[in-house]
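J.: Fold the following for me, if possible:
(2 chains)
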Amino acid sequence: MTEREYLQTPSQTVGPFFGYALPYEGGGELIAAHRPDAIRLHGTVFDGNGQTVPDALIELWQADADGSIVQRQGSFRRDGYTFTGFGRAATTLAGDYSFTTVKPGAVGSSAPYCFVTVFARGLLHHLFTRAYFPEDSEAQATDAVLAAVPAERRSTLIAALDGPGSYRFDIHLQGENETVFFDFDA
Amino acid sequence: MTTQPITQPTQPEITKEIRDIEADAARAAAAGGRPERHARRDYAPYRSSVLRHPTHELVRVDPEEVERFSPAFGHTDVDVLESDLTIQHSGEPLGERITVSGRVLDGEGRPVRHQLIEIWQANSGGRYVHKRDQHPAPLDPNFTGVGRAVTGDDGSYRFQTIKPGPYPWRNHLNAWRPAHIHFSLFGSAFTQRLVTQMYFPGDPLFALDPIYQSITDPAARERLIGQYDHDESVPEYSLGYVWDIVLTGPKSTRMESEEDHD
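T.: As a prediction, this is how the structure comes out:
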């Protein structure tokens, strides 16, 4: 027996000039905004000086409302009916991003969350985080991933209700409220 | 109070920072540390990383069900013609016509099948079709520089494009990026997600570029260089580059028998 290694290809920054390539029409609308169960998940990306980040790209990946993980094509060509679980949105000049989606159901024993990936100029490697919802504190108390996060930083992973069906999830790359980012490659 | 004008660092200053960090990393590796196979998140010679890298350790957790899947992109999303960046307009783009092909593998060497690859790049003059790119090189009306493909059963992909040019940026005075093509990849699990850049062999700008040099291990950063492969060149038409990509996997190594030579 020999050990053969497949060494990972290193990451490089998405750079400043992805705007004409990666974002696409309807990328932030996982479902139609007029659906009665539509929620908005939005926020602002901040750097270590508290400046907003106008050249970040956010990807969302999540379960459907019933907690199922769908494997359906159509993320790039939204037909208005098919939920694919994936969204992509660039930040605006003000550093804001916004998604229209359904609130995901709980998967297994974890509390409901949207899986969030952050790319930006200046990030040499993307960042993974999770946006949980403020009304699920009971389920969050037994969530295995939240349990691995130091208690004083857990609040950075909980979106805030800022209107009917609207959740704010700000992302702080550094600073006092630096968002918790995960490494899954254990 | 007057504000001091911001003086840009010079290339020799950036190059010295790059070399000092690499020497430190080499000493750490020689002392038995793990080689640094990834870009450093905090890499001061790349000035934009300074205020944008997390300062806390990443929290290590096991992926759960959501992270073990990824979106299902396929031919509903991507037309096969999107892998040819030279046919998107009425005329032929200017520049050196090339193909870039290879395989996408996971950390165990298994093909990453039917997953999305997106690429984007500057034109042959080093100019992006991005409104904030103000480099005064000409735009090419016959080249956008965006392509997509879905990997085959064996993890293979193939793009036809033109070789991008190097371009200036404002990290420091007289900063130039080596020619590169941006790649965005999905695996079967979202944890395998990768955004990176493919470079071309022998670029004289490698030693000067803080983005390329942010991977302090020379062997690791060389994995970003596509190789010229004459067998992939098409007579009287295009030059062939081959670049295999390895995503993270559940494990980075596997045991295989001596007989297994594939």
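J.: which residues of chain B fall in helices?
T.: Using DSSP state H, the helices of chain B run over residues B:11-30, B:218-222.
J.: got TSV for these, with distance to chain A too?
T.: Just so you know, the C-beta spots here come from the backbone N, C-alpha and C atoms, and that holds for glycine as well. What follows is the helices of chain B, written out as TSV (distance: least, Cβ to the nearest Cβ, whole Å):
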stretch	distance to chain A
helix B:11-30	13
helix B:218-222	5
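J.: can you pull the buried residues of the lengthiest strand in chain B?
T.: Using DSSP state E, we find that the single longest strand of chain B is strand B:97-105. Using 16 or more other Cβ atoms under 10 Å in any protein chain shown as the test for burial, strand B:97-105 gives B:97, B:98, B:99, B:100, B:101, B:102, B:103, B:104, B:105.
J.: Is chain A within reach of it?
T.: Yes: against chain A, strand B:97-105 shows contacts by Cβ under 8 Å from any Cβ of the partner chain at residue B:105.
J.: List the contacts of the residue positioned nearest the centre of chain B.
T.: Geometric centre of chain B, nearest residue: residue B:197, 1.2 Å, by Cα atoms, centre = their mean. Taking Cβ atoms under 8 Å, 6 or more residues apart in numbering or on different chains as the contact definition, residue B:197 lies against A:12, A:15, B:180, B:181, B:182, B:183, B:211, B:212, B:224.
J.: And it, what's its pLDDT?
T.: Here the pLDDT value assigned to residue B:197 is 98.
J.: What distance do you get for it to residue B:9?
T.: 22 Å (Cβ to Cβ, to the nearest Å).
J.: Below-threshold pLDDT in the stretch 151-262 of chain B: ranges please.
T.: Applying pLDDT under 70 to the stretch 151-262 of chain B picks out residues B:250-262.
J.: mind listing the strands for the chain?
T.: In the absence of a named chain, this looks at chain A. For chain A, applying DSSP E gives strands covering A:2-5, A:38-46, A:56-61, A:86-90, A:96-102, A:113-120, A:127-132, A:160-163, A:166-168, A:171-172, A:182-183.
J.: let's do chain B instead
T.: B:59-60, B:97-105, B:116-121, B:146-150, B:156-162, B:167-169, B:175-177, B:180-185, B:194-199, B:227-228, B:239-242, B:245-246, B:253-256.
J.: Any idea which of those strands gets closest to residue B:48?
T.: For these, the distance to residue B:48 is smallest for strand B:167-169, at 9.8 Å, taking Cβ to Cβ.
J.: Sheet partners, orientation included, of the closest one?
T.: Note on strand B:167-169: by DSSP bridges, its sheet partners are strand B:175-177 (antiparallel).
J.: Show me what the strand it pairs with is in contact with.
T.: Outside strand B:175-177, the residues that touch it by Cβ under 8 Å, 6+ apart are B:11, B:14, B:166, B:167, B:168, B:169, B:205, B:208, B:209, B:211.
J.: Now do the same contact list for residue A:44.
T.: Contacts for residue A:44 (Cβ under 8 Å, 6+ apart) come out as A:52, A:91, A:94, A:95, A:96, A:97, A:170, A:171.
J.: thinking again about what came up before, turn the helices of chain B into JSON lines, columns for mean neighbour count and distance to residue B:241.
T.: JSON lines is the format used below for the helices of chain B (neighbours: other Cβ atoms under 10 Å in any protein chain shown; distance: least, Cβ to Cβ, whole Å):
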{"stretch": "helix B:11-30", "mean neighbour count": "15", "distance to residue B:241": "26"}
{"stretch": "helix B:218-222", "mean neighbour count": "15", "distance to residue B:241": "14"}
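J.: Out of those helices, which gets nearest to residue A:59?
T.: Closest approach to residue A:59 among the helices of chain B (Cβ to Cβ): helix B:218-222, 25.0 Å.
J.: Give the bridge partners for the residue nearest to the centre of chain B, please.
T.: Where residue B:197 sits in a bridge, its partners, by DSSP bridges, are residue B:182.
J.: any idea how far residue A:41 is from it?
T.: In this view, residue B:197 and residue A:41 are 30 Å apart by Cβ to Cβ.
J.: thinking again about what came up before, just the closest of the contacts of residue B:197 to residue B:112, please.
T.: Here the nearest of the contacts of residue B:197 to residue B:112, counting by Cβ to Cβ, is residue B:183; it sits at 12.8 Å.
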